[in-house]
Each structure stands twice: as structure tokens, then as C-alpha cells.
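Visitor: Provided below for reference: sequence and predicted model.
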Amino acid sequence: MRSLMTLFLTFSIFVFSILNLAFLDSLGFSQTLSGKEILNRVEKNLNFDSGYIEMEILDYKDNKFNRSFVVDVLFDLNSGTLMEFKSPPREKGKKILLIKDSMWMYVPGVSRPVRLSAKDNFMGTSIENKELLDYKMSDDYEVEVISNDTSSYVLELKANTASVPYPRVILAVDKSTFLPTRMEFYTLSGKLIKYMVFSDVKEIGGKLRPTVYEMRDVLTEGNFTKIVFNKLESRKVPSRIFSLENLTK
């Protein structure tokens, strides 16, 4: 009888341990991830090497719709990004080329591309040109987990280079999907100046992704810009596409 009782207790402890581990795993406590590991997962879920995007940019002033653009985008992580405006009619045919920290615009009928300043707003929206330039957050920021609850991580990112648009970023990440839900952008002095909200998560381009990015300007209340991703395809894009010579064609 004693041996049977011992066996029962041993088995009960074993089963309890297994169930407890399963419960902890369901809460996301099976392993402790570093800030860098979390950010790497987010980037992996959002990015792919090269492809095509059709997006709509909706701009609002004083909480009222201002104007919109439809843009086709070709990109390659190693070569650059080419944007071509499809509408409205007055903007149709304009192209923007981004290569690393440089940005040019071509306007049909103008002989040569014009270099754009990183400090200017993108087509008069709440998005600045510098926010579109090529940088990888996991390389250009030191990352620390500052909050970890049952549903989300909150990461603090501090720049390790002066080439990024913001010296400090706070990023909230959904724990179940490793997708961003909100980003806050701060000055060196710690002042919040902008934030971005990610929404409408659905499968696009073969992955689950947020398809609406909303950038809010804290300094100009009521001004914001939405980027809506309508199509996203992973495909090989020739590197010759990303050149000033091709921009005028």
C-alpha cells in the first residue's frame, strides 16, 4: 500500500508539473526573450527581401479629410525603393527614389530628378521624408524590454547612430502575433512628438500583418496621415530599377 501511495504522489506531482508548464507557456512565460529578439521577430513578420506594394495614403488636417494618393512601390532591401504615384491626376507619373539616406523626386516634364530634404514633409502629409529612409531598427537601436504583461511587450529603443530619424522610440508589441500595435517617437530631450498606431491585421503578402498605419502629429493636433496597404507581393525586383537613370524613364 505504501508503494502504491508513493507512486500515486509521484505521478500526481509529475502531471501537475506538466500542466503548470503548459499553463505558463500559454501565458508566454516558457522563455524569456530579450528586447533584441522580440524586435527581430517583429521585423521578420513585417518585412521581406523584395517585392511590390500598392498603397493608399490618406491625409487629414484639423481632423478633416484633406487629400489622398495611390502609390505603387517596388523595393529591395539591398538596393532601394521606387515609388510611383497613380492618382490623383495632378500627381500621376511622379516618382520618388530612395537609396539608403538619399531621396530624389522626378516630375514628368522636368529634365532631371530633384533631391529632397529629409527634414521636409512627404507630399505635405504628417509623415516626414526622413521616416521613409532606409534603416533597420534592430541594427540602429539598442533595445530594452521595459514592460512585459500577459498580452504585450513594451520595448524602449535608443539610437546607437545619428543617422536614424529619432533618438528614442517606444514600441508596443502584441505577444500572440509579434506584431507592432503602437510606436512613439521622442526627441533627445524626451519630448513625444509623434506616434503611430497599427491596425486592421489580416493576411497580406502571405503573412499576417497590420494593413493600416496611422501617423499622428502631437505638435499639430488634428493632423494625421493613414497608410493603407491594399496589395503586397513578394517578388524579385531587378537592382537596375533603383537608379537615377531609370527614374526618368
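Guide: Received it, and whenever you're ready, just let me know what you need. Numbers count the residues shown, from 1 in each chain.
Visitor: How much space separates the closest residue to Pro180 other than its chain neighbours from Glu131?
Guide: Distance criterion C-beta to C-beta, 6 or more residues apart in numbering; nearest residue to Pro180, sequence neighbours excluded, is Phe198 at 5.0 Å. Just so you know, the C-beta spots here come from the backbone N, C-alpha and C atoms, and that holds for glycine as well. Using C-beta to C-beta, to the nearest Å, Phe198 is found at 14 Å from Glu131.
Visitor: what bridges to Tyr52?
Guide: Beta-bridge partners for Tyr52, by DSSP bridges, are Leu74, Glu233.
Visitor: Pull the number of nearby residues for it.
Guide: The number of residues packed near Tyr52 is 15, by other C-beta atoms under 10 Å.
Visitor: Test my guess that it contacts Lys236.
Guide: No. Using C-beta atoms under 8 Å, Tyr52 is not in contact with Lys236, being 10.4 Å away.
Visitor: Can you check which residues contact both of the two?
Guide: Common neighbours of Tyr52 and Lys236 (criterion: C-beta atoms under 8 Å, 6 or more residues apart in numbering): none identified.
Visitor: before we move on, what SS does Ile38 have?
Guide: Under DSSP: H, G, I helix; E, B strand; the rest coil, the three-state class of Ile38 is helix.
Visitor: residue boundaries of the helices in the protein?
Guide: Remark: helices assigned in the chain by DSSP state H are 2-26, 35-46, 137-140, 244-247.
Visitor: Confidence-wise, which of those helices is weakest overall?
Guide: Mean pLDDT values for the helices of the chain show the minimum at helix 2-26, a mean of 44.
Visitor: quick check: domain ranges of this structure?
Guide: 1-30, 35-247 (automatic domain parsing).
Visitor: which of these sits most buried?
Guide: domain 35-247 (a mean of 16; mean count of other C-beta atoms under 10 Å).
Visitor: Tell me how far the residue nearest in space to the middle of the chain lies from Ile204.
Guide: Centroid-nearest residue in the chain, with C-alpha atoms, centre = their mean: Leu46, separated by 6.6 Å. From Leu46 across to Ile204, the span is 11 Å (C-beta to C-beta).
Visitor: ok, now Lys86?
Guide: 19 Å.
Visitor: List the contacts of Arg240.
Guide: By C-beta under 8 Å, 6+ apart, the contact list for Arg240 reads Asn246.
Visitor: Can you pull out the low-pLDDT segments for this structure?
Guide: 1-31, 134 (pLDDT under 70).
Visitor: Please enumerate the strands of it.
Guide: Secondary structure of the chain (DSSP state E): strands at 50-61, 64-76, 80-87, 95-99, 102-106, 114-115, 141-148, 152-159, 168-174, 179-186, 192-204, 207-217, 224-234.
Visitor: how far is the second one from where the chain is centred?
Guide: Translated: strand 64-76. On the basis of C-alpha atoms, centre = their mean, to the nearest Å, strand 64-76 sits 16 Å off its chain's mean C-alpha point.
Visitor: How about residues contacting that strand?
Guide: 49-60, 81-88, 91, 123, 237, 239, 241-242.
Visitor: what about dumping the CA coordinates of it to PDB?
Guide: What follows is strand 64-76, C-alpha atoms only, in PDB (Å, rounded to 0.1, in the frame of the first residue of the first chain):
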ATOM      1  CA  LYS A  64     -10.900  66.600 -41.700                       C
ATOM      2  CA  PHE A  65     -10.000  64.700 -44.800                       C
ATOM      3  CA  ASN A  66      -7.600  66.700 -46.900                       C
ATOM      4  CA  ARG A  67      -6.400  64.500 -49.900                       C
ATOM      5  CA  SER A  68      -5.300  61.100 -50.900                       C
ATOM      6  CA  PHE A  69      -2.700  59.400 -53.100                       C
ATOM      7  CA  VAL A  70      -2.500  55.900 -54.600                       C
ATOM      8  CA  VAL A  71       1.100  54.800 -54.900                       C
ATOM      9  CA  ASP A  72       2.800  51.700 -56.500                       C
ATOM     10  CA  VAL A  73       6.000  50.700 -54.700                       C
ATOM     11  CA  LEU A  74       8.900  48.500 -55.800                       C
ATOM     12  CA  PHE A  75      11.500  47.700 -53.200                       C
ATOM     13  CA  ASP A  76      14.600  45.600 -52.500                       C
END
